[in-house]
Every structure is written in structure tokens, then in C-alpha cells.
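**Q** A structural model of the following input is requested.
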Amino acid sequence: MTRTLNLIALVVFASSLFMRSTDPVIPQIASGLSVEPATAALLSTAFTLPYALIQPVLGALADMFSKSRLMLLCLLVLTAAALAAGMAPNFEMLLAARVVAGFAAGGVVPIAFAMVGDNVPFAQRQVAMGRILFAVMTGNLLGASGAGVIGDLLGWRGVFFGTGILGVIVLAAAIPGFRGFAEAPGRFDLSTLGPNYRAIRSNPLAKICFGAVFCEALFMYGVFPYMATMLHAAGETRASIAGVVLAGFGIGGTAYTLLVSVLVTRLGERRLMRAGGIAIGFCLLIIALQVPWPVEFANFVLLGFGFYMLHAVIQIYASELAPAARGSAMALHSFFFFLGQAVGPIVYGIGLSNGHITPVLVLGAAVMVGVGLTCAHWLRRPAPANV
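**A** Got it, this is the predicted structure:
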């Protein structure tokens, strides 16, 4: 299983490069294609909204067919969309390419977590999912920091070409690597859709899990596309610096994945969720103060660490909402998470355009503290799962 986990992590890493790669170069895209920065920031929504909307469909297909083949097919489309984005002659074509990329990316990370849930016992799943999260964080880190550097050196088009080429390399390694992977065969049966989603909805923890990740994404990730613009307004025009600040989030998340075993043993799940919510709230308040970029970098490191203290535990419970329909459950988990990421930039964009982004950040801080406390109170591991 170790070899399979490594292959899954590799594919997840490649797809995660695309997630935050546009954020550091939003001002460059706005200038190069003659649009407003707030309009260019909608490239984030153009990626995350399709990512969210496709989840129920891809989750159901993952439960019916081969998860590994569907995941690789999605990575192939994602790679082609990145290369097309690099050649986009105008903003409309770039937006369309990001929409296609968002649809395709929706079939990588959620299905990867479902594969882990299918093949790793519950007691060992926290560590196994930590490895996948490490791949996600590494991809986000390099996607943000690398995009900033490439943007300064080669322009924003070089960012898309770079991620597309890396996608091709990963596909060349992963396609033959998964040929020997054995998984339970599924069958196309639309009659299973209703029962699967009813089973998920009937679990009382579903509302807690899905509502929590929606709030996380809206109030925390929603500000990410505007960090480069906020730094730019403060006089820091280098895309590489914006990339470094955003990469701090990935560094904090990576630190969490390296320490996850110790943290779970010493703190337990309830304290992790409580502390994570409080940390996110504190970091959002620091962003509202618009501190110098080195302090903001440190703040984003803490933000990434705190986010995964909360989010990783929620993810474990989401994977057990309906074990017989795990692909669908993880797809709904991602649906609400990325729906929040799609709505977030719109909410923060309204605040920024009206000069009132600080109240949105303060509101987000209060909500995230509440989310952490709520999850710590309600999410409990069923007694049979402790074997």
C-alpha cells in the first residue's frame, strides 16, 4: 500500500500546483489583459466554483467505476487546460480555461482521499491522510511561491506553461504506475445515487462537517486572491513577495503534516479542532491590520498550521459519514469546501471595492473561532471505530 500511497500523493501534488498558482500574478494578469484586479481575482472563483459543482457527479462516478482511472483522466484534462490558459489571447479565454481546469481538478484530491479511506483502516487513516495532505501542501507551497518567481521572470503565461509541463511529467510516471493497482470493481448503476446521498444526509454529523468546511473556505481562502493586490497597494509590487507570503500557508500546513502523529496523541481531536479555530481567527485579525510582508509571511505560516489542525480532523469524520458511499461523501465534503472558496472572493471583493474589507475579516475571525468550538463539541468518534 505504501507504493500506492506514494503514487496517489504524486498525482495530488501535481493537481495542487494549479490551486493557488494565479494568486501571486493577479496584478500581472490584470495589466496584461487590460482588466481590473478585482475582475482578474475572479479567476479563483472560475476554478473553485466548477470544482465544487462537479463534486456530486464525480463522487458518484468514483463509487461506480475505477477511482484511480478517473483520477488520472481528470489530471490529464487539468494539464491540457493549463497549457491552453498559457496561450489564452484574452481574459475571456483564460477564464474559460480556468473553468475547465476547475471541473477536472474536482476529480483528483477528493477521489484520492476516498481511495485512502477504502484501503487504510480507520485507526491508521489520520497518518495516511496526513501524507496526502503533505502532498497538497507541498503543491500549494510550490504553486504559490513558484508562480511568483516565474511571474517575475517570465510573466504570468510562464506560470501556466510551467504547471502544464509538470502535469505531463507526473502523468508519464503515474499512468504505468497504477496499472497493477487492485481495487474493488464498481458498476454503473444510477439507482445507487439516491440511497448513497440519503445515507450521507441521514448522518447527523454531515451538517457539522459540511457547514464547517464551507465557512473555512469562505472566510479564510476567500482573502487569498486579494493578498497580492493588498501588498501592491502597500507598495510591494513584486509578485515573488506575494508568492512567498502565500507560500507561508503551505509551510504551516506542511509542518502540521510532519507533526500530526504527535499532535493527535498529545492533544487529541477535540483540542486540535478548538485550537485550530482560534488560530485561524487570530490570523484573520492580523491580516486586517495590513502588517509588513515579513510579519504577514509568519502570520500565514501560523494560518496554515491552524487551518489543518481543524480541517484534517473534520476530513477524517467526513470519510466515515457513509463508508459504503465514501466517494460520494468525500465529493460532498469537497463540494461545500470549494463552494466556500468560490463565494469567498466575491464577498471579499465587495468589501475591498467599498473600502470595507476589515469588517469582513473581523467577521470571519469570529465565525472561525465559533466553527472550531462547535466542531470540538459535536464531532465524536463512534465507539466501534476505536478498535
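
**Q** Hmm, A97 and A88 touching each other?
**A** Yes. Contact criterion C-beta atoms under 8 Å: A88 and A97 qualify, at 5.8 Å. The C-beta positions use only the backbone N, C-alpha and C, and glycine is treated the same way.

**Q** between the two, which one's more packed in?
**A** A97 (23 against 18; other C-beta atoms under 10 Å).

**Q** pLDDT score assigned to the more buried one?
**A** Note for A97: predicted pLDDT of 96.

**Q** I286 versus that one, what's the distance?
**A** Distance of A97 to I286, computed by C-beta to C-beta, to the nearest Å: 34 Å.

**Q** What are the boundaries of the helices in the stretch 101-250 of the chain?
**A** For the stretch 101-250 of the chain, the helices defined by DSSP state H, counting those that start in this stretch cover 109-119, 122-154, 156-177, 193-202, 205-219, 227-233, 239-288.

**Q** Of these, which is nearest A376?
**A** When those are compared by C-beta to C-beta, helix 239-288 sits nearest A376, at 4.3 Å.

**Q** Just the angle for that closest one relative to helix 122-154, thanks.
**A** For helix 239-288 against helix 122-154, the angle by axes from the mean of the first three to the mean of the last three C-alpha atoms, to 10 degrees is 120 degrees.

**Q** by how many degrees do helix 239-288 and helix 156-177 diverge?
**A** Using the same axes, to 10 degrees: helix 239-288 against helix 156-177 is 90 degrees.

**Q** Show me what helix 239-288 is packed against.
**A** helix 122-154, helix 227-233, helix 293-318, helix 357-378 (3 or more C-beta pairs under 8 Å, 6 or more residues apart in numbering; DSSP states H and E).

**Q** now the angle between helix 205-219 and that helix, please.
**A** Taking the same axes, to 10 degrees, one finds helix 239-288 and helix 205-219 inclined to each other by 120 degrees.

**Q** Now for L73: which residues touch it?
**A** By C-beta atoms under 8 Å, 6 or more residues apart in numbering, the contact list for L73 reads G107.

**Q** Sort out which residues of the strand or helix carrying it are buried, please.
**A** Per DSSP states H and E, L73 falls inside helix 67-86. By neighbour count on 16 or more other C-beta atoms under 10 Å, the buried set for helix 67-86 is 67-68, 70-72, 74-75, 77-86.

**Q** next one: stretch 239-258
**A** Across stretch 239-258, burial judged by 16+ other C-beta under 10 Å covers 239-257.

**Q** tell me the contacts of K67?
**A** K67 neighbours (C-beta under 8 Å, 6+ apart): 111, 114-115, 118, 183, 327.

**Q** Any idea which of the helices and strands packed on helix 239-288 gets closest to A174?
**A** Distance to A174, taken as C-beta to C-beta, is lowest for helix 122-154 among those, at 12.3 Å.

**Q** From the contact counts, what lies against the closest one?
**A** Counting by 3+ C-beta pairs under 8 Å, 6+ apart, the packing neighbours recorded for helix 122-154 are helix 2-16, helix 109-119, helix 156-177, helix 239-288, helix 293-318.

**Q** looking at the ones you listed, which has the lowest confidence?
**A** Lowest mean pLDDT of the helices and strands packed on helix 122-154: helix 109-119, a mean of 77.

**Q** and that one with helix 2-16, angle?
**A** Here helix 109-119 runs at an angle of 160 degrees relative to helix 2-16 (the same axes, to 10 degrees).

**Q** when you give positions from now on, start the count at 289
**A** Noted, 289 is the first residue going forward, which turns the last one into helix 397-407.

**Q** Show me what counts as buried in helix 397-407.
**A** 397-405, 407.

**Q** Run through who's touching stretch 586-593.
**A** 425, 508, 533-544, 567-568, 570-572, 574-575, 579.

**Q** how about a cut-off of 7 Å?
**A** Stretch 586-593 is contacted by residues 533-534, 536-541, 543-544, 567-568, 571, 574-575 when judged by C-beta atoms under 7 Å, 6 or more residues apart in numbering.

**Q** Relative to E324, which of these is nearest.
**A** Nearest to E324 among those is L534, at 20.7 Å by C-beta to C-beta.

**Q** Check the spacing between that closest one and A527 real quick.
**A** According to C-beta to C-beta, L534 stands 10 Å off from A527.

**Q** Now list whatever residues contact both of these two.
**A** Common neighbours of L534 and A527, counting by C-beta under 7 Å, 6+ apart, are P312.
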